[in-house]
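[1] Model the following, please.
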Amino acid sequence: MRRAPIAALLLGLLVSSIAARAEEALSLEGKIALPGVAGRIDHMAVDPARKRLLVAALGNGTLDVVDLASGRRVKQVAGLHEPQGVGYVQKPDLVVIASAGDGSVRFFRGEDLAPAGSLSLGNDADNVRVDPRTGNVIVGYGSGGLAIIDPEKRSKIGDIKLAGHPESFQLDPTSSRSFVNVPDAGHIAVVDLGVVRQIASWAVPGLSANFPLAIDGSGAVVAAVFRRPAKLVLLDTKTGATTQRLDTCGDADDVFFDAKRRRIYVSCGAGAVDVFQADATGYRTAARIETSSGARTSLFVPDLDRLYVAARAGLVGSDAAILAFRPLP
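    Next up is the predicted model:
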């Protein structure tokens, strides 16, 4: 007869413990409203010198520019066709936007966001990365390609064919390799930007729909997140061997390493950010922080020590917003 109160007490302690761990991992520092922004929000980038967050508001057809010092939107570029990817090139000070609707890559001056040229990739231009070795812009697009673009000339100078549309991809900080999620092909593609071709592919049996991907600062570990079922998978970058598989939140779209704290953050459309902490034996689940339904995209900025999560406008009239989380401790 006394088991029910004991069970309730244990459940209460468990819930309190989970809440305490969440509070110890990330603290919500503030919300930056994006009034008038409707629909899905896709990826983000940062202009570090100006401390501006660049937000690709896909459903709204805009690029929204947030001043992080004041915590408010200071500029909006309209007339885009489903902007998905955005990047900032320090030299020659350009914002680069890739749009799915018309397959375009458009360039804007960093200083005032005045138009500075464009080129067409055909269709479904998506994620944008800047190669720190060369300054070239890499854009995933179409039914299977990575375009290498010279930002000075606003022209495509290379093309790497893939077996399907590329989702998230990351550049190896220690070599000319890049790791690319290709969910339609059921694998992670390994490409060499130096020789401009794919050199390997890695499959993870039993998992599909791999969208987010990250690589740690040492270039030793790739983190790929699968949606079916929802798993965080860690792979050795030398061999492609799986080293860990961990349960995570559903509908993930971004993942990041926090080297300072030896953590991984996964943001999910199910309405949560999962935090994984490394210890002597590997990574373990550390906390789950609630966000809002559909808040699947995020950006971790190590130099600012902040995780920014994009929350779309609610069905009951709440504005879209950027949630700014401060990692703890």
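[2] start to end distance for stretch 292-307?
    For stretch 292-307, the separation between the terminal residues is 15 Å (Cα to Cα, to the nearest Å).
[3] Report the buried residues of it.
    Taking 16 or more other Cβ atoms under 10 Å as the basis for neighbour counts, the residues of stretch 292-307 that come out buried are Ser292, Gly294, Ala295, Arg296, Thr297, Ser298, Leu299, Phe300, Val301, Leu304, Arg306, Leu307. Quick note: C-beta positions are derived from backbone N, CA and C, even for glycine.
[4] what do you get for stretch 159-177?
    Burial within stretch 159-177, assessed by neighbour count using 16+ other Cβ under 10 Å, is assigned to 160, 162-172, 177.
[5] host element of the most centrally placed residue in the chain?
    Central residue of the chain (Cα atoms, centre = their mean): Asp254, 3.6 Å from the mean position. Element membership of Asp254 [criterion: DSSP states H and E] is strand 252-258.
[6] can you count the residues close to Ala259?
    The number of residues packed near Ala259 is 11, by other Cβ atoms under 10 Å.
[7] surely it meets Ala214?
    No: under the criterion of Cβ atoms under 8 Å, Ala259 is not in contact with Ala214, lying 11.0 Å apart.
[8] Flag the shaky bits of the protein, pLDDT-wise.
    The chain contains residues with pLDDT under 70 at 1-23, 315-317.
[9] hey, where'd the strands end up in the stretch 201-329 of the chain?
    208-215, 221-228, 230-236, 242-247, 252-258, 263-268, 272-279, 282-290, 298-301, 306-311, 320-327 (DSSP state E, counting those that start in this stretch).
[10] Would you point to the one among these that's packed deepest?
    The highest mean neighbour count among those belongs to strand 263-268 (a mean of 26), with neighbours defined as mean count of other Cβ atoms under 10 Å.
[11] Arg326 and Glu29 touch, don't they?
    Yes: in this structure, Arg326 sits in contact with Glu29. The criterion is Cβ under 8 Å, and the distance is 4.6 Å.
[12] so what sits against both of those two?
    Listed contacts common to Arg326 and Glu29 are Arg306; contacts here mean Cβ atoms under 8 Å, 6 or more residues apart in numbering.
[13] residue contacts, the residue nearest to the centre of the chain?
    His43, Ser168, Pro212, Val266, Ser267, Arg296, Thr297, Ser298, Leu299.
[14] which stretches of the stretch 1-150 of the chain form strands?
    With strands called from DSSP E, counting those that start in this stretch, the stretch 1-150 of the chain shows them at 26-34, 44-47, 52-57, 62-67, 72-77, 83-89, 94-99, 104-109, 115-120, 128-130, 137-141, 145-150.
[15] Minimum distance to Leu207: which of the ones you listed has it?
    strand 137-141 (20.4 Å; Cβ to Cβ).
[16] The closest one: which residues count as buried?
    Under the neighbour-count criterion of 16+ other Cβ under 10 Å, strand 137-141 has Val137, Ile138, Val139, Gly140, Tyr141 buried.
[17] So Ile322 versus Gly30, what's the distance?
    In this structure, Ile322 lies at 9 Å from Gly30, with Cβ to Cβ, to the nearest Å as the measure.
[18] and the residue nearest to the centre of the chain, bridged to which residues?
    When bridges are taken as DSSP bridges, the partners of Asp254 come out as Ser267.
[19] Which residue, other than its chain neighbours, is closest to Asp102?
    His81 (4.2 Å; Cβ to Cβ, 6 or more residues apart in numbering).
[20] if I look at that neighbour, how far off is Arg312?
    Look at His81 and Arg312: by Cβ to Cβ, they are 19 Å apart.
[21] out of the two, which sits in the more crowded spot?
    Remark: of His81 and Arg312, Arg312 carries more neighbours, 26 against 14, as counted by other Cβ under 10 Å.
[22] Could you tell me the phi and psi values at the more buried one?
    In this entry, Arg312 is assigned phi and psi values of phi -70, psi 160 (degrees, to the nearest 10).
[23] Please determine how far it is located from Arg228.
    Per Cβ to Cβ, Arg312 is found 22 Å from Arg228.
[24] Verify the stated contact: Arg288 with Gly271.
    No: using Cβ under 8 Å, Arg288 is not in contact with Gly271, being 9.9 Å away.
[25] any common contacting residues for these two?
    Shared contacts of Arg288 and Gly271, defined by Cβ under 8 Å, 6+ apart, are found at Cys249.
[26] neighbours around the closest residue to Ala49 other than its chain neighbours, how many?
    Spatial nearest neighbour of Ala49, excluding adjacent residues (Cβ to Cβ, 6+ apart): Gln90 at 7.6 Å. The local packing of Gln90 (other Cβ under 10 Å) involves 13 other residues.
[27] Got the phi and psi for Gln90?
    The phi and psi torsions at Gln90 (degrees, to the nearest 10) take the values phi -60, psi -40.
[28] And for Asp184?
    Comment: the main-chain dihedrals of Asp184 come out as phi -60, psi -30, following degrees, to the nearest 10.
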